[in-house]
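Asker: Here is a sequence with its predicted model. Questions after.
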Number of protein chains: 2
Amino acid sequence: MDDLFEEPSTTREEILQATHRALAEHGYADLTIKRIGDELEKSPSLVYHHYADKDDLVLSCLEAMLDRFEAQVSDDVVDPRKDLEQFLDLSFASDSSPDSRRFVTTLVELRSQACHDDGYRRHFTRSDRVFESYLATLLRAGIDQGTFRECDPDRVATTIFTTLVGAMVRRSTTEDATWLEDVRPELQTYLETRVYR
Amino acid sequence: MDDLFEEPSTTREEILQATHRALAEHGYADLTIKRIGDELEKSPSLVYHHYADKDDLVLSCLEAMLDRFEAQVSDDVVDPRKDLEQFLDLSFASDSSPDSRRFVTTLVELRSQACHDDGYRRHFTRSDRVFESYLATLLRAGIDQGTFRECDPDRVATTIFTTLVGAMVRRSTTEDATWLEDVRPELQTYLETRVYR
């Protein structure tokens, strides 16, 4: 799994890096401020100096991941179809590493906190908008370039993203993932009839 | 919200009925065996006589709901398009009662337990299969009647159902549901180009 920062440059970034790794390795339930301190060979009080509690830390880590994603994408889309396919393939990757799969499961658990916690709710609202708007940007670029059909980019983007959220959740909460093998090609059929020229 | 049983005929059914109501009114976190006992004007020990613990009770309630759904659907499909539209409209209903919406949120929280609990994982595996197989039955009926195009019913069913799971989860975990208004019509466009003749 990728590191959150290539080169953490502040103590806060070091702490978030360790949190990111701990979430992938141990999940949310087993994450403690002490464990983060131990990993950094620092005292828990240093972590508490920067973050109020475990959820403040986890939410800051999620926000940093989202910031990283936003920084990586460019408004200047060269090959929208390639970018769209790559995003879908990454989301559906069945050959992802155990750490990546565990991290997806952790994200599903964290999202469910948003059912009753305003902080997580705000984060996932922002997060969903970022991904939807990324997909809509790709669709708009394809329409402008004439390689995609005329369609409502926001409407198509939100439908694709909703299907991806469903896939993530189902993959983490059911025993078999054979159905997953069916969703990706069907989404491809949808794109070929609805989006690609 | 509908009752789980029209007329509970055993103590176990009475307990499940009360659990179903309590889950809709108070959610999972606030559900206690004592609260169920109180609601039935019986002692908690009576509930414990029938159910080992809270999760045994909640899982039995989820299973009873699924049994009720299975008993209601018929293999003899008269109007597959009408049944399919009705199922989608119910799933996307934005005018549902507060109790129904709270219950959907409770289901999202319970599903997330399946990330780390085998009992919930088994339930949601079975539950997903029941709904997928219902949708596939409708699709197969439409193809047989000649009103639906030739398509792979299982593949289309699992894709529709994955989108519905994503919609349920997003509705319960984000601040605005404006995007929801986009998913239902886009799913309709998909059905019209891919399924309906």
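Answerer: On my side now, so go ahead.
Asker: Flag the shaky bits of chain A, pLDDT-wise.
Answerer: A:1, A:94 (pLDDT under 70).
Asker: residue ranges for the strands of chain A, please.
Answerer: With strands called from DSSP state E, chain A shows none.
Asker: How about the contacts made by the closest residue to residue A:154 other than its chain neighbours?
Answerer: With Cβ to Cβ, 6 or more residues apart in numbering or on different chains as the criterion, residue A:154 has its nearest non-adjacent residue at 5.2 Å, and that residue is residue A:136. To be clear about C-beta, it is placed using only N, CA and C from the backbone, and glycine gets the same treatment. Each residue near residue A:136 by Cβ atoms under 8 Å, 6 or more residues apart in numbering or on different chains is listed here: A:153, A:154, A:156, A:157.
Asker: out of those residues, what pair is the most spread apart?
Answerer: A:154 and A:156 (7.5 Å; Cβ to Cβ).
Asker: quick one: which of these two has more around it?
Answerer: residue A:156 (23 against 18; other Cβ atoms under 10 Å in any protein chain shown).
Asker: Next, count neighbours for the closest residue to residue A:34 other than its chain neighbours.
Answerer: Spatial nearest neighbour of residue A:34, excluding adjacent residues (Cβ to Cβ, 6+ apart): residue A:44 at 4.9 Å. A count of neighbours around residue A:44, defined by other Cβ under 10 Å, yields 14.
Asker: Does residue A:44 touch residue A:50 like I think?
Answerer: No: taking Cβ atoms under 8 Å as the definition, residue A:44 is not a contact partner of residue A:50, at 11.2 Å.
Asker: ok, now how distant is residue A:15 from chain B?
Answerer: For residue A:15, the distance to chain B (Cβ to the nearest Cβ, to the nearest Å) stands at 25 Å.
Asker: ok, now how distant is that residue from residue A:66?
Answerer: Distance, residue A:15 to residue A:66, by Cβ to Cβ, to the nearest Å: 17 Å.
Asker: So between the two, which is more surrounded?
Answerer: Between residue A:15 and residue A:66, counted using other Cβ under 10 Å, the more crowded position is residue A:15 (25 against 15).
Asker: Quickly note the distance from that one to residue A:126.
Answerer: 21 Å.
Asker: what does residue A:43 give?
Answerer: Distance from residue A:43 to residue A:126, by Cβ to Cβ: 32 Å.
Asker: Residue A:175: how many residues sit nearby?
Answerer: Residue A:175, neighbours per other Cβ under 10 Å, totals 14.
Asker: same deal with the one 3 residues further on?
Answerer: Residue A:178 is flanked by 10 other residues according to other Cβ under 10 Å.
Asker: contacting residues for it?
Answerer: Counting by Cβ under 8 Å, 6+ apart, residue A:178 has no contacts.
Asker: all helices for chain A, in order.
Answerer: With DSSP state H as the criterion, chain A has helices at A:11-26, A:33-39, A:44-50, A:54-72, A:80-92, A:98-113, A:118-145, A:153-173, A:180-194.
Asker: hey, which of these is tucked in deepest?
Answerer: helix A:153-173 (a mean of 24; mean count of other Cβ atoms under 10 Å in any protein chain shown).
Asker: Now do that one against helix B:180-194, angle only.
Answerer: Helix A:153-173 runs at 90 degrees relative to helix B:180-194, counting by axes from the mean of the first three to the mean of the last three Cα atoms, to 10 degrees.
Asker: tell me the angle of helix A:153-173 relative to helix A:118-145?
Answerer: 130 degrees.
Asker: Output the contacting helices and strands for helix A:153-173.
Answerer: Using 3 or more Cβ pairs under 8 Å, 6 or more residues apart in numbering or on different chains; DSSP states H and E, the elements in contact with helix A:153-173 are helix A:80-92, helix A:98-113, helix A:118-145, helix A:180-194, helix B:98-113, helix B:118-145, helix B:153-173, helix B:180-194.
Asker: Residue A:138 and residue A:86: what is the separation?
Answerer: Taking Cβ to Cβ, one finds residue A:138 at 10 Å from residue A:86.
Asker: quick revisit: can I get the contacts of residue A:136 in TSV with distance to residue A:7?
Answerer: As requested, the contacts of residue A:136 are exported to TSV (distance: Cβ to Cβ, whole Å):
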residue	distance to residue A:7
A:153	36
A:154	37
A:156	38
A:157	33
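Asker: Excluding chain neighbours, what is closest to residue A:92?
Answerer: Excluding the flanking residues, the one nearest residue A:92 by Cβ to Cβ, 6+ apart is residue A:184, at 4.6 Å.
Asker: could you list every residue that touches the one you found?
Answerer: A:88, A:89, A:92.
Asker: Over to residue A:113?
Answerer: So residue A:113 contacts A:55, A:120 (Cβ under 8 Å, 6+ apart).
Asker: 6 Å instead?
Answerer: residue A:120 (Cβ atoms under 6 Å, 6 or more residues apart in numbering or on different chains).
Asker: and chain A, which residues reach chain B?
Answerer: A:105, A:108-109, A:111-112, A:114-115, A:121, A:124-125, A:128, A:155, A:158-159, A:162-163, A:165-167, A:169-170, A:172-175, A:179, A:182-183, A:186, A:190, A:193 (Cβ under 6 Å from any Cβ of the partner chain).
Asker: still on that earlier bit, measure the residue nearest to residue A:92 to residue B:124 for me?
Answerer: Counting by Cβ to Cβ - residue A:184 and residue B:124 are separated by 21 Å.
Asker: I'd assumed residue A:8 was in contact with residue A:17.
Answerer: Yes: between residue A:17 and residue A:8 there is a contact under Cβ atoms under 6 Å: 4.9 Å.
Asker: Distance check, the residue lying closest to residue A:156 once chain neighbours are set aside against residue A:147.
Answerer: Spatial nearest neighbour of residue A:156, excluding adjacent residues (Cβ to Cβ, 6+ apart): residue A:139 at 5.7 Å. Residue A:139 sits 11 Å away from residue A:147, going by Cβ to Cβ.
Asker: what does residue A:181 give?
Answerer: Distance, residue A:181 to residue A:147, by Cβ to Cβ: 28 Å.
Asker: wait, doesn't residue A:77 sit right on residue A:139?
Answerer: No: contact criterion Cβ under 6 Å: residue A:77 and residue A:139 do not qualify, at 9.7 Å.
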